[in-house]
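Q: Quick one, structure for this:
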Amino acid sequence: MTTASESARLLSIPAELVHHILAFCLPTDVANFSKICRLSFDLVYSGNDQFLWRELFLNSYDDPRKAIRTLTLDEVSFLKPFDWKYELQSRTEAEIIARRTPHAEPDERQRALETFISAALQALPTPRNTEDQPSLNLQWLDRVLRETRMLNQLQTETQAHSRLRAYISLSHDPSTDEDSRQAVAARRIDSRCFVYDIRNYRNVNYWGPFLANGSVNWTHVEHLANVVLTNLRELPGSWAATVPPSGLENTRAFSAPGPYSDTDWAGVEGTWRRYVCFMDYRDLFAFNYSNVAHGPRNPEFFRDIRFREATRLIEIKLHLVQQSQLCFHEPSPDCENVETRYPTLYFCGTSRGVSGNEAKVEGSVCIGIDGTVRWTFYDLIQGAVHNSSTLWCSKGVQLGSIASAAGIVGSWSTSMHDQGANVADYPLVAGPFWLWKVPPAYTGPLRDFT
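A: Modelled structure (predicted):
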C-alpha cells in the first residue's frame, strides 16, 4: 500500500516528467501505475492533455494520421482531433476480448472485430522508393489473431468475421497436421457450396459478392478466396510457385508492384495474373437443380471423388482509357452517388491463357459506398458483336486498401441470364477468380488444370 510520504515524493516530480517516463511503458503498466494512489490515477486519467496517450499509442501502432482514406466522409471526420486515449483503450480491450474467446459476449466480439478491421485499414501505406517498413498495426493484429485463434471460433458476427478471414486468406491455416487438414477440407466444401450456388448471383446483389444495400458481402468474398486457395493447394508442385500474395502485410495500400501516378491511384496499368476456377456447366446445373447426391445443393456432391473443378492461370495487361473509349460499359449502382476522394478509372487491355489466344478486356475501378475498392471488367469475345450474350462479367473487391499486393477477389459469370419461369434471372455459369499485380518483367508460366 502506498504511504503518504511515497505519494508526497511522487507529487514532487513534475507531471510532465512523469508522463515522459510513462510514455516508455506498456499500456498495461500505465494502468497498473494508475492504481497506486489517487495522485497516480489523476496523473494518468485526469485532464485533457493527450500527450501521454499519443506517445503510448505510437509506441505500438502506426500513426493513423498517415492512413489512406477513400471516402470524403472519412476526410471530414479526420479533421477532428484524434482521440488517442479512446483508440488505445479500444485496441487494448479488443485484445483482451480475443484472448478470452469463446467466453466473450456477442456484442464484445463484434466490438473487437470492428476494432481489428479499423486497425487493418489504418495501417501505414507501403513506402514508395524507400526501404520497406513493416506495419506495426498489422504485426500486432497478426500476432493477436494467431495466438488467440479468435477467427477459428464459430461467430454470429459473420460479416466482420469473414472480412478478417478474407484478409488473412488461409495464411493462418497451413494444413500441416491432420486436424488442420480436416478443418480446411470441411471449409472447402462449405465454400464450394456457397460459391457454386447460383442463387447467390442476382440483380439484387449486382451479380457479385455484394449485399442489397451496396456494401461488400464479406462472407461471399471469404468463400471465393477459399475455393481458389484450396484448389491451388492440391495441384502439382509447380503451381506453388505462382500463388496470390497472402497475409495481412499484403493488404497494405500500395504494396502491389508499381509504378503509380496521381491519375492511376489504383495501380491499374501493368501486368497481372488471374486465377479462374469453374465447374463443368453440366455439373453446375446438376448441383443446383438435380437430385444427384441426395438433392439440389447438397454438400455430398463435392465429396464425390469423381468431382473435378478446373483452375486456369491467365495473364492480363491493362492500361487506362477514357470512358468514351470503352466498347461496353454499364454503370455500377454500388458506386453511384458516392462522395469519394478517388475518381472512377476506366481501362482496356488483353487477357491471354496458356493456349496463347487473346481476348479483349475492359472495365472500371471505383470506390463503393463502404469505402472499399471495387473492380468490374468484361472479357469481350473478339470479332463478336458486343452485347450481353458475348460477354463474361467479373466483379471483385480489393483485399485491404488501395493497390494492395493481395489483389482482388471476386466472381465471374455470364452476362446473359436465364429468364425461365423456374430459374429466375440467374447467370448460366459462375465461379471465383483472384487477380493480383506482378512486376513488369515477370515471366512466370501460364497454366491450365482440368
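
Q: which stretches of this structure form strands?
A: 270-278, 310-321, 345-352, 358-367, 373-380, 391-398, 408-414, 417-419, 424-427, 430-438, 447-449 (DSSP state E).

Q: mind listing what the fifth one pairs with, with the direction of each?
A: For strand 373-380, the paired strands and their directions (DSSP bridges) read strand 358-367 (antiparallel), strand 391-398 (antiparallel).

Q: So the most centrally placed residue in the chain versus K80, what's the distance?
A: Here the mean C-alpha position of the chain is nearest to the C-alpha of L399 (CA atoms, centre = their mean), at a distance of 2.9 Å. Taking CB to CB, to the nearest Å as the measure, L399 falls 29 Å from K80. Every C-beta, even on glycine, is put in place using the N, C-alpha and C of the backbone.

Q: Nearest to T115 among the strands paired with strand 373-380 would be which one?
A: strand 391-398 (21.2 Å; CB to CB).

Q: Could you list the domains of the chain?
A: Domains of the chain are assigned by automatic domain parsing as 4-47, 240-449.

Q: and the helix with the most length in the chain, which residues are buried?
A: Secondary structure of the chain per DSSP state H: the longest helix is helix 178-195. The neighbour-count check on helix 178-195 (16 or more other CB atoms under 10 Å) flags V184, R187, R188, I189, S191, R192, C193, F194, V195 as buried.

Q: Return the helix or strand in the protein with minimum mean pLDDT.
A: Every helix and strand of the chain was ranked by mean pLDDT, DSSP states H and E. The lowest is strand 417-419, at a mean of 49.

Q: follow-up on the earlier one: could I get the strands paired with strand 373-380 in JSON lines, plus columns for mean pLDDT and mean neighbour count?
A: Shown next, in JSON lines, are those (pLDDT from 0 to 100; neighbours: other CB atoms under 10 Å):
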{"stretch": "strand 358-367", "mean pLDDT": "92", "mean neighbour count": "21"}
{"stretch": "strand 391-398", "mean pLDDT": "91", "mean neighbour count": "23"}
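
Q: Would you tell me which of those gets closest to Q159?
A: strand 391-398 (12.6 Å).

Q: Not counting its own residues, what contacts the closest one?
A: 206-210, 216, 221, 266, 328, 363, 372-381, 404, 406-416, 433, 435 (CB atoms under 8 Å, 6 or more residues apart in numbering).

Q: returning to that earlier point: for the strands of the chain, give me TSV that also has distance to L88.
A: Formatted as TSV, the strands of the chain follow (distance: least, CB to CB, whole Å):
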stretch	distance to L88
strand 270-278	39
strand 310-321	41
strand 345-352	37
strand 358-367	29
strand 373-380	28
strand 391-398	28
strand 408-414	32
strand 417-419	50
strand 424-427	47
strand 430-438	34
strand 447-449	47
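
Q: rank those by pLDDT, which is bottom?
A: Per-stretch mean pLDDT for the strands of the chain is lowest at strand 417-419 (a mean of 49).

Q: which stretches of the stretch 101-250 of the chain form helices?
A: Here the stretch 101-250 of the chain has its helices, by DSSP state H, counting those that start in this stretch, at 106-121, 136-148, 158-168, 178-195, 218-233.

Q: for the fourth one, packing partners?
A: If you count contacts as 3 or more CB pairs under 8 Å, 6 or more residues apart in numbering; DSSP states H and E, helix 178-195 packs onto helix 218-233, strand 430-438.

Q: Which of these sits closest to C348?
A: strand 430-438 (15.5 Å).

Q: pLDDT below threshold where in the stretch 151-300 of the chain?
A: 153-156, 175 (pLDDT under 70).

Q: quick revisit: closest one to P296 among the helices and strands packed on helix 178-195?
A: strand 430-438 (15.6 Å).

Q: And the closest one, what does it pack against?
A: helix 178-195, helix 218-233, strand 270-278, strand 391-398, strand 408-414.

Q: Of all those, which one comes closest to I68?
A: strand 391-398 (11.5 Å).

Q: Out of the domains of the chain, which one sits most buried?
A: domain 240-449 (a mean of 18; mean count of other CB atoms under 10 Å).

Q: Regarding it, how distant is the last residue from the first?
A: Length of domain 240-449, first residue to last, CA to CA, to the nearest Å: 13 Å.

Q: chain center to it, what's the gap?
A: On the basis of CA atoms, centre = their mean, to the nearest Å, domain 240-449 sits 15 Å off its chain's mean C-alpha point.

Q: Turn the strands paired with strand 373-380 into JSON lines, including distance to E114.
A: JSON lines is the format used below for the strands paired with strand 373-380 (distance: least, CB to CB, whole Å):
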{"stretch": "strand 358-367", "distance to E114": "20"}
{"stretch": "strand 391-398", "distance to E114": "18"}
